[in-house]
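Undergrad: Output the structure for:
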Amino acid sequence: MSTPSTKAKPIFTSYEKFVIAIIAIIQFSVVLDFMVLSPLSAILLEEMKISTAEFGWVVSAYAFSAGISGILAAGFADKFDRKKLMLFFYIGFVFGTFLCAIAPTYQFLMMARIVTGIFGGVISAISFAIISDIFKVEHRGRVMGYVQMAFAASQILGLPIGLTLANKFGWHSPFWMIAFFSLVVGVIILIYLKPVTEHLKIKSEVHPFQHLWNTVSNSNYMKGFLATVFLATGGYMLMPLGAAFSTRNLHISKELLPVLYGVTGVFSIAFGPLIGKMSDKLGRFKVFLFGTVLSGIMVAIYTQLGPTELWLVILINVILFLGINSRIISSSALMTALPEQKDRGAFMSINASIQQLSGGIAAGIAGLIVFKPELETAPLQRYDILGYVVLVSMAIAAVMIFRLDKEIKKKFEAAKAVKS
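TA: From the prediction side, this is the model:
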């Protein structure tokens, strides 16, 4: 007589699914606000009559302010309910985006990006701290896979809509869209997200700035921070001038940019959960190495291209983002396993700050390496050199992630041995 099959227990509860969804949506809004500047480069370079270096500093202004605010907030990150911290910084982010929406000049836009960065740069750190508090380490690859879909969704929904609005109503309109959308998200966080206070049960009399110093000076954490420097450098360099490269060098029209970003995003959304699952199943470094090799090959090809058919550019971008997402998802999951619970908020804040500062420097350097000729239709110069710099930083990051992965495995094996 056959026994009735027992229903397998789901990996995530309904509330945990909500947490994954709301963090993904939060990331979507923050990432979109940052990423929307890249495709707007083709418009802003002409409308504001600015150089590639000046545009690079607009991107960097957000990153630098985000990095500094993250470091200053790090000492306090483990002293408060993470929900309250999230609301505080998210409200500030909405205000900064509103300032971008009304910016009349280059200087005002620069100031608005600084304000947005002060608040927006800390949000990812709080999000990852919440993930670390709520989800078991063996499931975090899956969680990061779903959260990483926010990047793809920003391409599918945000960037095409933003570009369409910008082409029809001016470059300010995407920021209006992001500001109103984020306001609604803030209300959902206020009503439905439960307090996240488990870390507060670990009593600590350490002063916030002492806590900051203890985290920064921890030798194991420092290895993670250094790896983040090279991860961010490779990740941020190609982004800011990507749209200008597409229009000027690849001869893709501005009207077709939404198609390019949209199709790439569809595939990225499909890949995200699968990459996360493979990261948990096969090992984070293996997935990271796969992504590094794949994206490295695509960067080498992409940065050498001249006028190219749209279908081929889309194919290259899809494969490139498969590699990039493999690197981001696997390394993000690995980083959540590095800090102790009492240090998670501080570690994530500092790590996010280092990511932003490194990305800001990378964007600034990219603007200095790449040269925009006077003629508006002339191709950008030295983009191939930018590709070589990216490849070197990716190779260094791979070595550092390999060493970090080995140390984290040793830590968990030692913890298991103590328990047994």
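Undergrad: residues contacting residue 316?
TA: Taking CB atoms under 8 Å, 6 or more residues apart in numbering, we find residue 316 in contact with 298, 301-302, 305. In short, each C-beta sits where N, CA and C put it, glycine included.
Undergrad: Can you tell me the element it falls in?
TA: helix 310-336 (DSSP states H and E).
Undergrad: what does residue 378 give?
TA: Here residue 378 is assigned to no helix or strand, by DSSP H and E.
Undergrad: and it, how many neighbours does it have?
TA: By the criterion of other CB atoms under 10 Å, residue 378 has 12 neighbours.
Undergrad: distance of residue 389 from residue 276?
TA: Going from residue 389 to residue 276 by CB to CB, to the nearest Å gives 29 Å.
Undergrad: before we move on, what about residue 114?
TA: Using CB to CB, residue 114 is found at 33 Å from residue 276.
Undergrad: okay, these two: which has more neighbours?
TA: Higher neighbour count among residue 114 and residue 276: residue 276, with 28 against 19, using other CB under 10 Å.
Undergrad: Would you agree residue 373 is in contact with residue 244?
TA: No. Residue 373 sits out of contact with residue 244 when judged by CB atoms under 8 Å, with a separation of 11.6 Å.
Undergrad: Could you tell me which residues touch both of the two?
TA: residue 380.
Undergrad: Got the phi and psi for the residue nearest to residue 339 when sequence neighbours are not counted?
TA: Of all residues not flanking residue 339 in the chain, residue 347 sits nearest, at 3.7 Å (CB to CB, 6 or more residues apart in numbering). The phi/psi pair for residue 347 (degrees, to the nearest 10) reads phi -60, psi -50.
Undergrad: What is the neighbour count of residue 347?
TA: 28.
Undergrad: Take the helix or strand where residue 45 lies, keep the C-alpha atoms, and write them as PDB.
TA: Per DSSP H and E: residue 45 is located in helix 37-47. This file holds the C-alpha atoms of helix 37-47, laid out as PDB (Å, rounded to 0.1, in the frame of the first residue of the first chain):
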ATOM      1  CA  LEU A  37      22.300  58.600 -16.400                       C
ATOM      2  CA  SER A  38      24.300  56.300 -18.700                       C
ATOM      3  CA  PRO A  39      21.800  56.200 -21.600                       C
ATOM      4  CA  LEU A  40      21.100  59.900 -21.000                       C
ATOM      5  CA  SER A  41      24.800  60.600 -21.800                       C
ATOM      6  CA  ALA A  42      23.900  60.800 -25.500                       C
ATOM      7  CA  ILE A  43      21.400  63.600 -24.700                       C
ATOM      8  CA  LEU A  44      23.300  65.400 -22.000                       C
ATOM      9  CA  LEU A  45      26.600  65.700 -23.800                       C
ATOM     10  CA  GLU A  46      24.800  67.600 -26.600                       C
ATOM     11  CA  GLU A  47      22.100  69.600 -24.600                       C
END
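Undergrad: Average pLDDT for that helix, rounded please.
TA: Taken as a whole, helix 37-47 has a mean pLDDT of 75.
Undergrad: Show me how far it is from its chain's centre.
TA: 21 Å (CA atoms, centre = their mean, to the nearest Å).
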